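Novice: Structure for the following, please:
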Amino acid sequence: MDTVAVILLLISGVLFGIISTIAGIGGGVFFVSLMVLLFLIPINVAVDTSAFIILISSGAGFITYFKQERLHIKPVIIFASFSILGSFVSTILFTFINLDATFLKILFATTILIAGVNMIYKAIISRRFNPSQEEFEKNFVLINHDYKTNLKKSIPLFFLAGFAANLLGIGGGIINTPALHIILQYPIHNATAISTGIIFFTAIYNTLAKSILGQIDYLIGILIGIGAILGSVIGAKISGKIPKRQLQFLVAIVLIILAIRMFF
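Specialist: Numbering: from 1, shown residues only. Just a heads-up that it's a prediction; the model follows:
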């Protein structure tokens with residue numbers, strides 16, 4: 001691998017690490033797209049390698065958020081257990097069902113297209129001023145938050161996030177974060193932090209599974225991962241200062257462009 005490729009992988013890792021940590025997503029949508037479109041890596045290898053990168057980047061973000069006391073470990077483990085279950089089911093299912101590479105590529109492109117459109121929708125909705133929500137977030141105490149009342153409603157979404165994470169090499173944050181914010185009523189900055197924790201624990205399982213059954217390109221994974229560690233730490237530290245609506249629009253546009261490029 002030449003020097004230019006190494007530098008490009010490191011810089012991409014930093015950039016995507018910042019964006020994914022702030023947005024509360026694993027970054028897999030960017031990592032897989034980068035490997036497939038720029039480095040022409042087969043989609044199945046890109047998906048498996050992405051799980052390894054997500055483990056590295058989300059781990060750094062999780063530790064930073066934990067130190068900032070923006071997440072509570074007990075609910076993170078509870079939510080992550082359902083996500084890991086989804087990943088486990090995906091592992092078992094697709095051990096016996098061999099997906100065609102073209103179909104997997106189309107499925108991935110469709111997923112990030114939907115995620116992009118959904119982000120634009122959320123950004124538009126967030127423009128509406130809600131005094132009661134602002135007051136709630138101002139007085140929010142993480143340790144006392146009641147997440148159990150609506151937990152049953154969110155379980156299928158955490159399961160789906162884990163299933164998709166294993167199948168497509170994504171973090172699952174595009175599902176986790178809305179579930180945490182809308183259903184379980186966590187403020188958005190806490191939701192993104194908790195989502196990062198769920199992604200980290202799910203990525204531990206996915207990396208172990210794919211190291212045994214899959215094809216991880218460890219060199220590319222480590223290079224992107226090193227950059228992503230720095231990016232995720234930066235992202236976790238500045239996330240409260242970044243205007244989230246503008247970021248959502250930017251990420252959404254990038255996702256839609258990547259999806260269209262992958263389709264064609």
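Novice: Under the pLDDT cut-off, which ranges of this protein? List them.
Specialist: Residues of the chain that meet the criterion pLDDT under 70 lie in 24, 26, 125-144, 240, 242, 244.
Novice: wait, Phe16 sits on Val32?
Specialist: No: using C-beta atoms under 8 Å, Phe16 is not in contact with Val32, being 10.6 Å away. Where you see a C-beta, it was placed from the backbone N, CA and C, and this is true even at glycine.
Novice: Tell me which residues are up against stretch 51-61.
Specialist: The contact list for stretch 51-61 (C-beta atoms under 8 Å, 6 or more residues apart in numbering) reads 13, 16-17, 20-21, 26-28, 31, 165-166, 169-171, 196-197, 199-200, 203-204, 206-207, 210-211, 214, 216, 218, 221-222, 224-226, 228-229, 231-233, 235-236.
Novice: what's the answer for stretch 192-200, then?
Specialist: 21-26, 54-55, 58-59, 61-62, 65-66, 68, 70-71, 73, 75-76, 79-80, 83, 158, 161, 165, 171-173, 176-177, 180, 186, 232, 236, 239.
Novice: ok, now with 6 Å
Specialist: Stretch 192-200 has contacts (C-beta atoms under 6 Å, 6 or more residues apart in numbering) with 24, 26, 58-59, 61-62, 65, 70-71, 76, 79-80, 83, 171-173, 176-177, 180.
Novice: Take these and keep only those in helices.
Specialist: Residues of these located in helices (DSSP state H): 58-59, 61-62, 65, 76, 79-80, 83, 173, 176-177.
Novice: PyMOL command for the buried members of the residues you listed?
Specialist: Here is the PyMOL command that selects the buried residues among the ones in helices among the contacts of stretch 192-200 (16 or more other C-beta atoms under 10 Å):
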select buried, resi 58+59+61+62+65+76+79+80+83+173+176+177
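Novice: out of the ones in helices among the contacts of stretch 192-200, what pair is the most spread apart?
Specialist: The most widely separated members of those, counting by C-beta to C-beta, are Gly59 and Thr177 (18.0 Å).
Novice: re the thing from before, separate out the buried members of the contacts of stretch 51-61.
Specialist: The neighbour-count criterion (16+ other C-beta under 10 Å) marks 13, 16-17, 20-21, 26-28, 31, 165-166, 169-171, 196-197, 199-200, 203-204, 206-207, 210, 214, 216, 221-222, 224-226, 228-229, 231-233, 235-236 among the contacts of stretch 51-61 as buried.
Novice: What about the residues you listed, which are in helices?
Specialist: Counted as lying in helices by DSSP H, out of the buried ones among the contacts of stretch 51-61, are 13, 16-17, 20-21, 28, 31, 165-166, 196-197, 199-200, 203-204, 206-207, 210, 221-222, 224-226, 228-229, 231-233, 235-236.
Novice: For Gly13, which non-adjacent residue is closest in space?
Specialist: Gly227 (2.3 Å; C-beta to C-beta, 6 or more residues apart in numbering).
Novice: Next, count neighbours for the one you found.
Specialist: 25 (other C-beta atoms under 10 Å).
Novice: quick one: contacts for it?
Specialist: Taking C-beta under 6 Å, 6+ apart as the test, what Gly227 contacts is 10, 13-14.
Novice: cool, Gly169 as well?
Specialist: For Gly169, counting by C-beta under 6 Å, 6+ apart, the contacting residues are 28, 32, 47, 50-51.
Novice: same question, Gly171
Specialist: Counted by C-beta under 6 Å, 6+ apart, Gly171 has contacts 25-26, 28, 54, 199.
Novice: List phi and psi for it.
Specialist: phi -80, psi -30 (degrees, to the nearest 10).
Novice: and if you look at Ile216?
Specialist: For Ile216, the backbone dihedrals (degrees, to the nearest 10) come out as phi -90, psi 130.
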